[in-house]
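In: model this:
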Amino acid sequence: MIHEHEQTGITSGSRLKGSFLGPLFSFNLHSFVDDFWGNGWGISRCLILSIIFWGLFAVLGNMIPNLPLFAFEWLLGTAPIWLPVVLLVSAWKIWMWYIHSNYIFKRDTMLLEVKMPREITRSPRAMENALSKLWTDSGETTFFNTAWQGQVRPYFSLEIASFGGQIHFYIWCWRQWRPNVEAMMYAYYPEVELVEAEDYASKFRFDPETQECFPTDWRYEPRNDAYPIRTYVEFELDKDPKEEYRVDPLAEVLERMSILKPDEQMWIQIILTQCRDYRRNPKGPWWDIQDRYTNLIKDEIDVVRRESAPAKPNDREAEDSWKAVVRVPQYRLTELVKAMDRNMGKHPFNVGMRGVYISNAENFNSAGYTGIRWIWRPVGNPQYMNQMRPRRWGNPFDYPWQDYKDIRWRLMQRRFFDAYRRRAHFYSPWIFPHNMMSTEVIATMWHPPSSAIGAPGLERIPAKKAEPPANLPK
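Out: Residues are numbered from 1 along each chain as shown. Sure thing, here's the model as predicted:
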């Protein structure tokens, strides 16, 4: 996939409410429509752009007689030029949608539960190495594989689910990939057990009459994908400290999921596949493309480094001339660059994250859904890096005029559970925006917890059940 634009920053609605003149006189249509009206007052982009379009159309209609007839004749006369292109592009997209859906439908999937032992001594670095086993483009080797056979590269789902406070770790995969998943886990965590489990998402039936839920996703914000979150390296877990000195950000996540009431549930899903994103080379011809992950990080590192250098090195009278002789050890110029450079050298994945809080309707409250919305706050660093911010699904509904009699809310809930059960994120029928993350970032948010995490809902097995060695004499 070729990406034309990168995220440069997001303005929250709380900062824009009442600020009408700034976005208006900045002559930035994106800021005016999305930031002020969308984030600020909950007015959809479609409605605002429709009003602008029909307003301009009405003005143009007063200037050009018989404008509708003129527009129809113009479209009809130029149809031999644009119609074949539209039909060809549409046919190609429909074909790719069909063959990809057909291929995915034929995959036999399974859910493996990861049963944790009482003692796990390895740090998340072991999980980082294990995840590199899933970095594969198998199935998309040639154009024939993708465009005719409809093959897609494998995608996996790392999940944490709490049912009334009982926490379970899962790995979802295609059945043919079970040996690879077992090999990667047993190689670095020989104490754990992997057993096939019933798919809790497919078994669950949401009843809107008696239950309520709040679905959400998490995306990088406020910067682009070159800036990571705080990983286990920032928490010094890579140094394998003693158990009593471990500060694992996953502890707060599991503790929140452990204190659920019997009628409450929390699900977390991290869907990943090999990152093969590309972008156009900004310094080359339009047909020249380059790896998006590596080059985006390089560009952002250069931006940070230029901040430490004077704009005019030979001008000693400039305000920033001191930068030529003094290097202030700022976090942004030292630790941030180290973190970005370190993540650039690791396997990148396309990652989509979603979660949901479910409870009985009478017990549904803000404490429950706020807990799932901001459950990844321990790994956030919005001042210098990124944070995992809730963006889609239930989050945009702030005003009563956004949803008449909960019609959109119920539709959104049905769509969420369908996407969750399918583990769909990168291919039809559900394609959503994703982030690029390294194995270090993913391992921070999903790894077998050590005994330092004492969440009461985390069930642990006394010891791993081992089979006798295969090389025993018969």
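In: going forward, measure contacts between C-alpha atoms and count neighbours the same way
Out: Fine.
In: if I've got this straight, residue 110 is in a strand?
Out: Yes: counting by DSSP: H, G, I helix; E, B strand; the rest coil, residue 110 falls inside a strand.
In: Touching, it and residue 175? I think so.
Out: Yes: counting by C-alpha atoms under 8 Å, residue 110 touches residue 175, with 5.6 Å between them.
In: These two - which one has more neighbours?
Out: residue 110 (18 against 14; other C-alpha atoms under 10 Å).
In: Show me what the more buried one is bridged to.
Out: residue 173 (DSSP bridges).
In: since we're on residue 266, how many residues are nearby?
Out: 28.
In: counting contacts, what elements does the host helix or strand of it pack onto?
Out: Following DSSP states H and E, one finds residue 266 within strand 265-274. Counting contacts by 3 or more C-alpha pairs under 8 Å, 6 or more residues apart in numbering; DSSP states H and E, strand 265-274 packs against strand 155-163, strand 348-360.
In: now, of those, which is deepest in the fold?
Out: strand 348-360 (a mean of 23; mean count of other C-alpha atoms under 10 Å).
In: so where's this structure uncertain?
Out: Within the chain, the stretches with pLDDT under 70 are 1-28, 35, 38-40, 310-328, 463-474.
In: In it, where's the longest helix?
Out: Taking DSSP state H as the criterion, the chain has its longest helix at helix 67-105.
In: Just the buried positions in it, please.
Out: 96, 99-101, 104 (16 or more other C-alpha atoms under 10 Å).
In: can you put those in TSV and add distance to residue 369?
Out: Shown next, in TSV, are those (distance: C-alpha to C-alpha, whole Å):
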residue	distance to residue 369
96	37
99	38
100	35
101	33
104	32
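In: Closest one to residue 83 out of those residues, please.
Out: residue 96 (20.0 Å; C-alpha to C-alpha).
In: Could you find the residue nearest the spatial middle of this structure?
Out: residue 352 (3.3 Å; C-alpha atoms, centre = their mean).
In: From residue 288, how far out is that residue?
Out: Residue 352 is 28 Å from residue 288, where distance means C-alpha to C-alpha, to the nearest Å.
In: Same check on residue 123?
Out: Residue 123 is 41 Å from residue 288, by C-alpha to C-alpha.
In: which one of those two has more residues nearby?
Out: Each of residue 123 and residue 288 has its neighbours counted (other C-alpha under 10 Å); residue 123 has more, 23 against 11.
In: The more buried one contacts residue 236, correct?
Out: No: between residue 123 and residue 236 there is no contact under C-alpha under 8 Å: 9.8 Å.
In: list residues touching both of those two?
Out: Counting by C-alpha atoms under 8 Å, 6 or more residues apart in numbering, residue 123 and residue 236 have no shared contacts at all.
In: distance of residue 183 from residue 394?
Out: Residue 183 sits 38 Å away from residue 394, going by C-alpha to C-alpha.
In: Also residue 458?
Out: For residue 458 relative to residue 394 (C-alpha to C-alpha), the value is 28 Å.
In: Residue 288 too?
Out: Taken as C-alpha to C-alpha, the span from residue 288 to residue 394 is 39 Å.
In: again, but for residue 411
Out: 11 Å.
In: For the chain, which segments are assigned as strands?
Out: 2-3, 109-117, 155-163, 166-174, 193-197, 211-221, 265-274, 278-280, 289-291, 348-360, 387-390, 435-438, 460-461 (DSSP state E).
In: Would you tell me which of those strands gets closest to residue 65?
Out: Of the strands of the chain, nearest to residue 65 by C-alpha to C-alpha is strand 2-3, at 41.4 Å.
In: Counting by contacts, list what the longest helix of the chain packs against.
Out: Taking 3+ C-alpha pairs under 8 Å, 6+ apart as contact, there are no helices or strands that helix 67-105 lies on.
In: What angle do strand 166-174 and it make with each other?
Out: Angle between the axes of helix 67-105 and strand 166-174 is 100 degrees (criterion: axes from the mean of the first three to the mean of the last three C-alpha atoms, to 10 degrees).
In: hang on, residue 293 packs against residue 277?
Out: Yes: counting by C-alpha under 8 Å, residue 277 is a contact partner of residue 293 at 7.2 Å.
In: And these two? Which one has more around it.
Out: Between residue 293 and residue 277, counting by other C-alpha under 10 Å, residue 293 is the more crowded of the two (23 against 16).
In: Now do the contacts for that one.
Out: 225-226, 277-278, 344, 348, 436.
In: Tell me the one of those residues nearest residue 303?
Out: Closest to residue 303, out of all of those and judged by C-alpha to C-alpha, is residue 226, at 11.5 Å.
In: which ones are touching the closest residue to the closest one other than its chain neighbours?
Out: In this structure, residue 226 finds its nearest non-sequential neighbour in residue 297, 4.6 Å apart by C-alpha to C-alpha, 6 or more residues apart in numbering. Residue 297 makes contact with 225-227, 340-341, 344, according to C-alpha under 8 Å, 6+ apart.
In: Farthest pair within those residues?
Out: Across those (C-alpha to C-alpha), the longest gap, 12.8 Å, separates 225 and 341.
In: These two: which is more packed in?
Out: residue 225 (25 against 17).
In: picking that back up, more neighbours: residue 183 and residue 394, which one.
Out: residue 394 (21 against 14).
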